[in-house]
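Trainee: this one's structure only:
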């Protein structure tokens, strides 16, 4: 019996002559650095002999697969043929941009390491590769009894247990570059059809609703997005399983986002206030996102006291969790992946400054039994001096120190 490999790399080949060689050649560092096998599952059944010739140059095993509108079925064929301790998968329109962190991890991996790993997938949107978005995706697992792919499209590993490892190896992906509206529409139609069928087969699987939410947004189906959010939140109201908190947070945040994108801040605020009790059951990342969204709503409503409380919650979460790639890779679903981005952090800082300025302008003695007018004036002067210090820190590039001082000032204003 042949020795067990360290790594099996499996990919689906669908006849993409323009990308297959780039994909397979990008695996060379893995093969040079680790005992690796490459399995290609050919869903195009070798229809293009030029593609087949390229595949034969690189692959250790080639498996012909008759396409059946089920990505998991094709993936599981490759997994069943794997002889590696670890299993890594990709598509023929993807390639490893940077594999060193992955190699380093697998060289040191032992029984005590996490059994599943998230990598960064960079989805490009133009041929120049200048426009893209990044998303954490589980692409590497330790092969164990019972693990398999689930889902007709946007397939995923199941079951997974324990906490993952997030590795900064980047996969490039050009599958979202469309050169015509017809091509985009066909892609969306395929995915939506498969996901709607998956939900009919398993209505309690929230992951399919999460994936369909993205497809509906891409296709402009706003009513479909609302319906998905309402249905998901209704299902989640029937359980107290804390493992589902990130999903609850996703659909809560998504409903707020739908109202915001429609310019309906009134309905967004009413929806938030009706459901804000859920905030403590939304997971860490979604909770931070929703807090910043709530702060924005209250600033726009001139309720600076409530706005200050929510923006402070976001900032505290930001500094505690911004560098926790493992947390973000698990809970940063869909648009929540940007929760701790520089853009959102800058928005929070700007909002925090605006809230402090407005509250200083409106400062007055609200409790004559506790403070007299003279003390209130002295307090306002002290707060103004602190604001000058904060501005000095920001100009000096000491943003974290400036945040801490703003946070202390907000807490003092709120009596916290």
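Mentor: Sure, I can see it. Quick caveat, the model's predicted, so the values are computed rather than measured.
Trainee: use CA for all of it now, contacts and neighbours both
Mentor: Will do.
Trainee: how about the helices in the stretch 201-350 of the chain?
Mentor: 206-219, 222-236, 245-261, 265-275, 284-300, 304-321, 325-331, 342-361 (DSSP state H, counting those that start in this stretch).
Trainee: point out the most buried one among these.
Mentor: helix 284-300 (a mean of 24; mean count of other Cα atoms under 10 Å).
Trainee: summarise which helices and strands that one is packed against.
Mentor: With contacts taken as 3 or more Cα pairs under 8 Å, 6 or more residues apart in numbering; DSSP states H and E, helix 284-300 sits against helix 245-261, helix 265-275, helix 304-321, helix 325-331, helix 342-361.
Trainee: about what we covered before: export the helices of the stretch 201-350 of the chain to JSON lines and tack on distance to residue 47?
Mentor: Shown next, in JSON lines, are the helices of the stretch 201-350 of the chain (distance: least, Cα to Cα, whole Å):
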{"stretch": "helix 206-219", "distance to residue 47": "30"}
{"stretch": "helix 222-236", "distance to residue 47": "38"}
{"stretch": "helix 245-261", "distance to residue 47": "41"}
{"stretch": "helix 265-275", "distance to residue 47": "52"}
{"stretch": "helix 284-300", "distance to residue 47": "45"}
{"stretch": "helix 304-321", "distance to residue 47": "49"}
{"stretch": "helix 325-331", "distance to residue 47": "38"}
{"stretch": "helix 342-361", "distance to residue 47": "46"}
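Trainee: dump these to TSV, plus mean pLDDT.
Mentor: Output for the helices of the stretch 201-350 of the chain, formatted as TSV (pLDDT from 0 to 100):
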stretch	mean pLDDT
helix 206-219	95
helix 222-236	96
helix 245-261	96
helix 265-275	96
helix 284-300	96
helix 304-321	91
helix 325-331	88
helix 342-361	85
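Trainee: which of the ones you listed sits closest to residue 5?
Mentor: Ranking those by proximity to residue 5 (Cα to Cα) places helix 325-331 first, at 26.4 Å.
Trainee: which residues does the closest one contact?
Mentor: Residues outside helix 325-331 that contact it (Cα atoms under 8 Å, 6 or more residues apart in numbering) are 118, 135-137, 163-166, 246, 283-286, 321, 337.
Trainee: need the max-distance pair from these.
Mentor: Across those (Cα to Cα), the longest gap, 20.0 Å, separates 165 and 286.
Trainee: burial measure for the residue lying closest to residue 399 once chain neighbours are set aside, as a count.
Mentor: If the residues on either side of it in the chain are set aside, residue 399 comes closest to residue 393, at 6.7 Å by Cα to Cα, 6 or more residues apart in numbering. Residue 393 has 17 neighbours, counted by other Cα atoms under 10 Å.
Trainee: ok, now which ones touch residue 393?
Mentor: 399, 401, 402.
Trainee: where in the stretch 51-200 of the chain is pLDDT low?
Mentor: 110-112 (pLDDT under 70).
Trainee: show me where it has helices.
Mentor: Under DSSP H, counting those that start in this stretch, the stretch 51-200 of the chain gives helices at 71-80, 100-108, 181-201.
Trainee: so for residue 407, which of these sits nearest?
Mentor: Once the helices of the stretch 51-200 of the chain are compared by Cα to Cα, helix 100-108 is nearest, at 36.5 Å.
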